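Enquirer: compute the structure for the input listed below.
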Amino acid sequence: MKKKKTHDRPSLDKYTVKRLTATAALAAAAVLSIVFRAEIKALFAFSGIESIYAQAEHYPLSIYFPDAGSAGCALIHSSESGDILIDCGREKAQHDILSVLSYLDIDTIDTAILTHPDSDHIGNFSEVVSHVPVDRFITCEYSRTCKTQLYISLSDMLDEHDIPITYAKKSDTFSVGDISLDILSPDMIYKKSNDNSLVIRLTYNGFTALFTGDITKKAEKDILESGEDLSADMLCVSHHGSGSSSTEEFLNAVSPDISVISVQESEYTPNGGTIKRLADTGSEIYRTDISGTIAVFLDENGEINIRTEK
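Expert: Modelled structure (predicted):
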């Protein structure tokens with residue numbers, strides 16, 4: 001009896017299978033978040049976090065820090081000026097970010113910013129780009145040299161959607177409506193990826209916020225010596241509250257009323273010394289590991305209101 005011919009199929013390693021499965025799941029979640037927008041809003045209401053998103057319509061400016069673990073992500077939302085996404089958490093948090101965009105009826109991201117090309121800030125930015133139009137994409141000069149698969153995939157996705165990459169540097173200024181974004185650092189290429197983070201000072205109607213990516217003491221010292229105005233009403237604390245950042249001199253120069261730490265508590269973060277130095281400035285401290293998603297609202301009188309998920 002003639003044997004039936006068989007063809008050997010190349011086997012996939014566990015990592016590849018896991019990556020393909022995760023990619024398929026994220027794509028499905030993205031589609032569902034768009035198609036079932038009303039259902040997502042109902043789910044948010046049921047889960048108890050609906051209120052912090054529903055309140056956005058009552059304020060000219062809202063800044064959200066989604067609970068993304070030890071990862072960077074901030075969404076600036078203004079019905080008058082536009083929408084800005086700074087970093088994108090980790091891949092596992094991507095579905096939440098897409099859902100937030102959907103809940104807030106954000107159909108276009110006016111400016112997307114990747115402070116530096118580390119995985120905890122890229123997340124799956126490419127998934128957002130593939131489902132929500134992005135008018136402008138900004139990152140640091142250091143990203144030009146990045147060869148990680150995650151960043152290459154993002155670059156390919158930006159190219160596929162004809163979104164040019166703007167490589168920002170110190171002294172550059174970008175505007176989104178009445179929102180001004182001043183780049184305070186870097187003005188050189190650092191050896192460490194974290195120090196190449198774009199440091200951004202946001203200004204809107206007298207309100208100021210400082211976003212610091214993952215800069216360490218080295219970059220903080222250089223910024224201080226440059227004489228930049230670091231004062232801000234709100235500080236997005238560098239490197240998830242790590243002890244490698246947030247020196248006393250730097251925090252005193254910022255002197256924030258509010259400090260937000262995007263963090264998942266561990267033996268390394270947030271650092272006790274960092275928390276103490278923040279407290280010594282008189283700043284109110286908010287942490288995503290304690291409060292979940294954090295919302296900072298600016299009212300018409302310039303007053304700051306804080307709401308949290310928990």
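
Enquirer: ranges for the helices of the protein?
Expert: 14-35, 37-47, 50-54, 94-103, 119-122, 125-131, 149-160, 217-226, 248-254, 272-280, 288-291 (DSSP state H).

Enquirer: could you say what helices and strands the fourth one packs with?
Expert: Applying 3 or more C-beta pairs under 8 Å, 6 or more residues apart in numbering; DSSP states H and E, we find helix 94-103 packed against helix 14-35, helix 37-47, strand 74-78, helix 125-131. C-betas here are computed from N, CA, C, even on glycine.

Enquirer: now do the last one: distance to the chain's middle.
Expert: Read that as helix 125-131. 14 Å (C-alpha atoms, centre = their mean, to the nearest Å).

Enquirer: for that helix, C-alpha coordinates in PDB please.
Expert: The C-alpha coordinates for helix 125-131 follow below in PDB (Å, rounded to 0.1, in the frame of the first residue of the first chain):
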ATOM      1  CA  PHE A 125       1.400  52.400  20.400                       C
ATOM      2  CA  SER A 126       1.200  50.800  17.000                       C
ATOM      3  CA  GLU A 127      -2.200  49.400  17.900                       C
ATOM      4  CA  VAL A 128      -3.500  52.900  18.700                       C
ATOM      5  CA  VAL A 129      -2.100  54.300  15.500                       C
ATOM      6  CA  SER A 130      -3.800  51.500  13.500                       C
ATOM      7  CA  HIS A 131      -7.200  52.300  14.900                       C
END
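
Enquirer: pLDDT averaged over that helix - what is it?
Expert: Confidence for helix 125-131, expressed as mean pLDDT, is 92.

Enquirer: just for the stretch 201-310 of the chain, where's the confidence low?
Expert: 267 (pLDDT under 70).

Enquirer: next, count neighbours for the nearest residue to Ser291 once chain neighbours are set aside.
Expert: In space, and not counting its chain neighbours, Ser291 is closest to Thr308: 3.8 Å by C-beta to C-beta, 6 or more residues apart in numbering. Number of residues near Thr308 (other C-beta atoms under 10 Å) recorded here: 17.

Enquirer: same check, this time on His58
Expert: Other residues within reach of His58 by the criterion other C-beta under 10 Å amount to 11.

Enquirer: confidence score at it?
Expert: As predicted, His58 sits at a pLDDT of 92.

Enquirer: and it, how far is that from Ser79?
Expert: 10 Å (C-beta to C-beta, to the nearest Å).

Enquirer: next one: Lys170
Expert: Lys170 is 31 Å from Ser79, by C-beta to C-beta.

Enquirer: do Lys218 as well
Expert: From Lys218 to Ser79 the distance is 39 Å (C-beta to C-beta).

Enquirer: one more: Gly227?
Expert: For Gly227, the distance to Ser79 - C-beta to C-beta - is 36 Å.
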